[in-house]
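1. fold the following for me, if possible:
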Amino acid sequence: MTTTGAFPLAFFATAMLSNGSLAMADTLASKPATPAPTQKPAVAKPMPSADPFEQDAAPTKPGAPLNAATPAKPLATAPAAPPAAPPAENLPSKELEAFMKGFEGSWKCDTKFAPGSMGPASQTVRARTDMTIKKEFGGFAWHGEFKLAKTTLTSATSGVFQISYAAGTKQATFLSYDSVGSAMMGAGTLSGDSVTFAEEGFLMGVKVKVRETLAAKGPKRLYHKVEIERSKGYQVMAEDTCVK
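-> Here you go, the predicted model:
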């Protein structure tokens, strides 16, 4: 019968296949298993740490000692500043020197006090005055001294004065004081051979404003005038005519 005949053949084939598979399995099972080669885990090498205080070593020449210090380069220095210019020298006034040349020396003066200058009812009074003028302080000033003889209305009087120069205002300056307590100070502009000083101060203890004029009248003559400010303006108090 075909069904019966077919079954043993199929069974036999299946058995053969099964036996062969089993035999191969037994053969494989009888051999020891070759272990698979194991790989060691890769270990990361530590990175060298950077030292912030470590400097690269400078190359050394053969024969040079190790750790030899590198000589430091000298620091560049700025060029020295040039010395400051000296201040301008203060020099005497040439204008004042040219003006005062005509006033230097010893003088004999005829002094005249104007009527009313010594009081409301005073008359003209004359006196003798000796005066000297000389250069002082290297030409920065001219120093003067005078002596007025005693009169019927005035006592003998001595005094000094100084004439200098103010370059800023281009004016001559005047300063005086005497033995009866008078003291005056002022300034005026040089004009040719004359100068008029506008002064303020005290005259015999009284506060006054004065105009004082000094003028050269040739090589051996000079003129001097004093005016006092009063209610009616400036009035002449005294005049001097002097000769060498």
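2. CA atoms for contacts and neighbours, from now on please.
-> Will do.
3. leaving out chain neighbours, which residue sits closest to Gly181?
-> Nearest non-adjacent residue to Gly181, counting by CA to CA, 6 or more residues apart in numbering: Met204, 5.5 Å away.
4. that neighbour: neighbour count?
-> 13 (other CA atoms under 10 Å).
5. next: the one 3 residues further on.
-> Look at Lys207: counted by other CA under 10 Å, it has 13 neighbours.
6. which residues touch it?
-> Glu200, Gly201 (CA atoms under 8 Å, 6 or more residues apart in numbering).
7. 10 Å - rerun?
-> Shown in contact with Lys207 (CA atoms under 10 Å, 6 or more residues apart in numbering): Ser182, Ala183, Met184, Glu200, Gly201.
8. the nearest residue to the second one once chain neighbours are set aside bridge partners, please.
-> Read that as Ala183. Distance criterion CA to CA, 6+ apart; nearest residue to Ala183, sequence neighbours excluded, is Tyr177 at 4.2 Å. Per DSSP bridges, the residues bridged to Tyr177 are Val160, Ala183.
9. please apply the same query to Val236.
-> Beta-bridge pairing of Val236, defined through DSSP bridges, involves Glu227.
10. quick check: the gap between the residue nearest to Thr196 when sequence neighbours are not counted and Ala80.
-> Leaving aside its chain neighbours, Thr196 sits nearest to Thr213 (4.2 Å; criterion: CA to CA, 6+ apart). The gap separating Thr213 from Ala80 is 57 Å, by CA to CA, to the nearest Å.
11. more neighbours, the two?
-> Thr213 (17 against 6).
12. so who does the more buried one touch?
-> Gly188, Ser194, Val195, Thr196, Phe197, Ala198, Tyr223, His224, Lys225, Val226, Glu227, Glu239 are the contacts of Thr213 under CA under 10 Å, 6+ apart.
13. show the pLDDT at the second one.
-> So that's Ser194. With respect to pLDDT, Ser194 scores 97.
14. Gly205 is in contact with the residue nearest to Ala183, correct?
-> No: assessed by CA atoms under 10 Å, Tyr177 is found out of contact with Gly205, at 11.5 Å.
15. ok, whichever strand or helix holds Glu200: who's next to it in the sheet?
-> Assigned by DSSP states H and E, Glu200 falls within strand 194-203. Sheet pairing of strand 194-203 (DSSP bridges) gives strand 183-188 (antiparallel), strand 190-191 (antiparallel), strand 206-216 (antiparallel).
16. how about CSV for the ones you listed, with mean pLDDT and distance to Arg126 added?
-> Shown next, in CSV, are the strands paired with strand 194-203 (pLDDT from 0 to 100; distance: least, CA to CA, whole Å):
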stretch, mean pLDDT, distance to Arg126
strand 183-188, 98, 22
strand 190-191, 95, 29
strand 206-216, 96, 19
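17. just for the chain, where's the confidence low?
-> Applying pLDDT under 70 to the chain picks out residues 1-76, 85-88.
18. tell me where it has helices.
-> 2-30, 94-100 (DSSP state H).
19. about what we covered before: out of the strands paired with strand 194-203, which one sits most buried?
-> strand 183-188 (a mean of 21; mean count of other CA atoms under 10 Å).
20. could you export that strand as PDB, CA atoms only?
-> The C-alpha trace of strand 183-188 is given here as PDB (Å, rounded to 0.1, in the frame of the first residue of the first chain):
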ATOM      1  CA  ALA A 183      54.500 160.100  54.200                       C
ATOM      2  CA  MET A 184      53.400 160.000  50.500                       C
ATOM      3  CA  MET A 185      53.200 157.400  47.800                       C
ATOM      4  CA  GLY A 186      52.200 157.600  44.200                       C
ATOM      5  CA  ALA A 187      53.000 157.100  40.500                       C
ATOM      6  CA  GLY A 188      53.200 159.100  37.300                       C
END
